[in-house]
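Student: Based on what follows, work out the 3D shape:
(one chain, ligands or ions: 1)
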Amino acid sequence: MPSEALLSVRDLRIAFGAVEAVRGLTFDVRPREVFAVVGESGAGKSLTARALLGMLPRGATAGGSVRLRGSADLAAERGRRITLVPQDALSALSPVHPVGDQLAAAVRSVRGLSRGRARDLAVAALDRVGIPDAARRARAYPHEYSGGMRQRAVIAMATVNEPDVVVADEPTTALDEERREQVLRVLAEQREAVGAALVLVTHDLEVVREHADQVLVMYAGRAAERGPARQVLGRPRAPYTAGLLASLPQDGPRRRRLPALPGTPPAPDALGPGCAFAPRCPLATDPCRDREPEPRTVDGRLVACHHADDVPDPLREFV
Ligand SMILES: Nc1ncnc2c1ncn2[C@@H]1O[C@H](COP(=O)(O)OP(=O)(O)OP(=O)(O)O)[C@@H](O)[C@H]1O
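Tutor: Coordinates of the predicted model:
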């Protein structure tokens with residue numbers, strides 16, 4: 001039996017004026033699971049991640065609901081039961097305070113501990129994420145850290161108060177490949193150590209394959225497909241997921257990179273009545289251009305596609 005949802009999102013809609021950028025998302029995140037949100041740039045991933053923390057940009061209006069189990073006020077839980085690891089670690093750290101002081105302040109704002117005890121916890125948290133010589137580095141400023149170390153410090157900040165949910169929005173975008181792996185490993189270890197669920201926003205299906213239990217594939221503000229990551233990536237039922245997978249490098253002797261998905265996603269103010277993916281979809285027929293498909297259950301996952309039953313295996317036939 002799957003455990004009860006920790007985060008419940010129902011019909012989430014985010015608009016700027018009359019233009020909807022997130023168009024009716026429903027999903028649950030369960031305790032301790034890794035829930036990945038994947039899709040191309042502009043799909044609405046960051047807006048969705050921020051809505052989970054009650055942090056929408058100015059000018060945005062939201063509809064639907066986001067609930068954290070056991071809490072009536074989501075915004076009051078930010079930094080406590082639900083925390084953010086942002087894309088850009090610099091934006092999360094103040095340039096004018098030593099890193100250790102910032103961590104200790106985060107501890108003291110949530111728990112009634114002495115300065116000395118908060119300081120000890122801050123140094124221990126930096127040590128846990130692999131900052132060398134943590135007691136000394138705690139006294140340094142963010143600009144004295146490398147990019148990878150800064151991102152690890154932000155992970156320490158996001159986990160030091162043992163939250164129930166960590167939301168990581170493309171936490172490795174600013175890093176090179178080697179540091180990316182390190183940071184993802186640290187994030188996975190810390191999540192495990194504090195027993196939090198992780199909502200991991202990424203555009204990288206390899207990251208999903210490696211880290212996620214559940215995946216939400218977003219296209220143009222909606223769910224194209226959502227379900228257990230192993231099933232969705234093993235045999236996608238949305239042509240969009242299949243196209244993303246087909247673009248990944250293949251293993252084996254014929255290792256190569258297949259052509260990326262042709263075309264680009266539509267802007268939120270340029271959507272027609274049909275499926276938003278139809279202009280790029282090799283399976284599109286007239287009904288796809290006329291009517292947006294409703295999500296339905298196929299093969300153990302939710303999929304929004306008129307042709308979900310006809311999607312060929314992307315690693316064999318679909319490019
Ligand atoms: N502050 C804003 N004002 C107006 N429109 C916005 C704003 N932020 C986002 N949008 C619109 O919402 C869409 C989705 O944005 P979002 O940042 O969630 O995409 P994303 O999937 O996270 O993309 P990326 O991977 O590039 O971060 C954007 O394409 C844009 O049209």
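
Student: what residues does the chain put near the ligand?
Tutor: 16, 21, 39, 41-47, 57, 59, 203, 268 (Cβ under 6 Å from any ligand atom). C-beta: built from backbone N, CA, C; applies to glycine.

Student: Now, these that are in strands?
Tutor: Using DSSP state E, the members of the residues of the chain next to the ligand that fall within strands are Phe16, Ala21.

Student: In PyMOL, how would I select the buried members of the residues of the chain next to the ligand?
Tutor: The PyMOL command for the buried members of those (criterion: 16 or more other Cβ atoms under 10 Å) is given here:
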select buried, resi 16+21+39+42+43+44+45+46+47+203+268
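
Student: Pull the most distant pair out of the residues of the chain next to the ligand.
Tutor: Distances among these were taken as Cβ to Cβ; the most separated pair is Gly59 and His203, at 24.2 Å.

Student: just checking, what packs against the strand or helix carrying Ala193?
Tutor: Assigned by DSSP states H and E, Ala193 belongs to helix 177-194. On a contact count with 3 or more Cβ pairs under 8 Å, 6 or more residues apart in numbering; DSSP states H and E, helix 177-194 meets helix 147-159, strand 165-169, strand 197-202, helix 205-211.

Student: neighbouring contacts of the last one?
Tutor: If I follow you right, that is helix 205-211. Residues outside helix 205-211 that contact it (Cβ atoms under 8 Å, 6 or more residues apart in numbering): 34, 36, 38, 172, 184, 188, 198, 200, 202, 215, 229, 233, 244-245, 248.

Student: mind listing what's buried in stretch 219-234?
Tutor: By neighbour count on 16+ other Cβ under 10 Å, the buried set for stretch 219-234 is 219-227, 229, 231-233.

Student: and of those, the nearest to the ligand?
Tutor: Using Cβ to the nearest ligand atom, Gly221 comes nearest to the ligand of these, at 7.0 Å.

Student: any idea how far the residue of the stretch 101-250 of the chain found nearest the ligand is from Arg235?
Tutor: For the stretch 101-250 of the chain and the ligand, the shortest gap (Cβ to the nearest ligand atom) falls at His203, measuring 5.5 Å. In this structure, His203 and Arg235 are 21 Å apart, going by Cβ to Cβ, to the nearest Å.

Student: same question, Val85
Tutor: Counting by Cβ to Cβ, the gap from Val85 to Arg235 is 31 Å.

Student: returning to that earlier point: and the residue of the stretch 101-250 of the chain closest to the ligand, what is it in contact with?
Tutor: Residues counted as contacts of His203 (Cβ under 8 Å, 6+ apart) are Val38, Gly39, Glu40, Ser41, Lys45, Glu170.

Student: same thing with Ala105?
Tutor: His97, Ala118.

Student: and if you look at the one 10 residues further on?
Tutor: Remark: with contacts taken as Cβ under 8 Å, 6+ apart, Arg115 is in contact with Ala104, Arg108.

Student: can you put the residues of the chain next to the ligand in a markdown table and add distance to Cys288 and pLDDT?
Tutor: Below are those laid out as a markdown table (distance: Cβ to Cβ, whole Å; pLDDT from 0 to 100):
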| residue | distance to Cys288 | pLDDT |
| --- | --- | --- |
| Phe16 | 27 | 96 |
| Ala21 | 22 | 96 |
| Gly39 | 19 | 93 |
| Ser41 | 23 | 90 |
| Gly42 | 20 | 91 |
| Ala43 | 19 | 94 |
| Gly44 | 20 | 95 |
| Lys45 | 23 | 96 |
| Ser46 | 27 | 95 |
| Leu47 | 25 | 96 |
| Pro57 | 32 | 94 |
| Gly59 | 32 | 95 |
| His203 | 24 | 88 |
| Pro268 | 19 | 90 |
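
Student: Kind regards, and thank you for your time.
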